[in-house]
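Student: Below: sequence and its predicted model.
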Amino acid sequence: QVQLVESGGGLVQAGGSLRLSCAASGRTSIINTMTWFRQAPGKEREFVAAVSWSGGSTYYADSVKGRFTISRDNAKNTVDLQMNSLKPEDTAVYYCAGNPRPPLTAGTEARNYDRWGQGTQVTVSS
């Protein structure tokens, strides 16, 4: 069993920055991909960014490319999401998720993931 706990959400003005963190515990050795998703009210959960747990390869949604950076710390079993130049449309609940497959196989669909954190709210005011 893998437990994921997100932290770092909050309220920020447009153009500001936030850093989210996801702490993994339990059977983390089975995880190959760690991914951040987000879900805005009335919308489906969407892919934000993913990182290969072993090699560190990263992948981003077009909407956040150049503004967000995902990173992992294997020693601490954490995955962070640095969010810069935030926009009101980035407002959502952000979730981290784990997958035993490599990133290109795990994919960007939320239904492919069965290990989730509880989520952390990010609100960007205009």
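Tutor: Looks like it arrived, so ask away. Numbers count the residues shown, from 1 in each chain.
Student: Packing partners of the helix or strand containing Leu104?
Tutor: Secondary structure assignment for Leu104, by DSSP states H and E: helix 103-106. In terms of contacts (3 or more C-beta pairs under 8 Å, 6 or more residues apart in numbering; DSSP states H and E), helix 103-106 is packed against strand 33-39, strand 46-52. Where you see a C-beta, it was placed from the backbone N, CA and C, and this is true even at glycine.
Student: how about that helix: buried residues?
Tutor: For helix 103-106, the neighbour count (16 or more other C-beta atoms under 10 Å) marks 103, 106 as buried.
Student: ok so, going back, of the helices and strands packed on helix 103-106, which is nearest Ala97?
Tutor: Of all the helices and strands packed on helix 103-106, the one in closest proximity to Ala97, counting by C-beta to C-beta, is strand 33-39 (5.0 Å).
Student: In terms of secondary structure, what does the closest one contact?
Tutor: strand 18-26, strand 46-52, strand 68-73, strand 78-83, strand 92-99, helix 103-106.
Student: avg pLDDT for the helix holding Leu104?
Tutor: Taken as a whole, helix 103-106 has an average pLDDT of 90.
Student: Can you give the contact residues for that helix?
Tutor: Helix 103-106 has contacts (C-beta atoms under 8 Å, 6 or more residues apart in numbering) with 32-33, 35, 50-52, 57, 59, 99, 112-113.
Student: Any idea how far it is from the middle of the chain?
Tutor: Taking the mean of its C-alpha atoms, helix 103-106 sits 15 Å from the chain's own mean (C-alpha atoms, centre = their mean, to the nearest Å).
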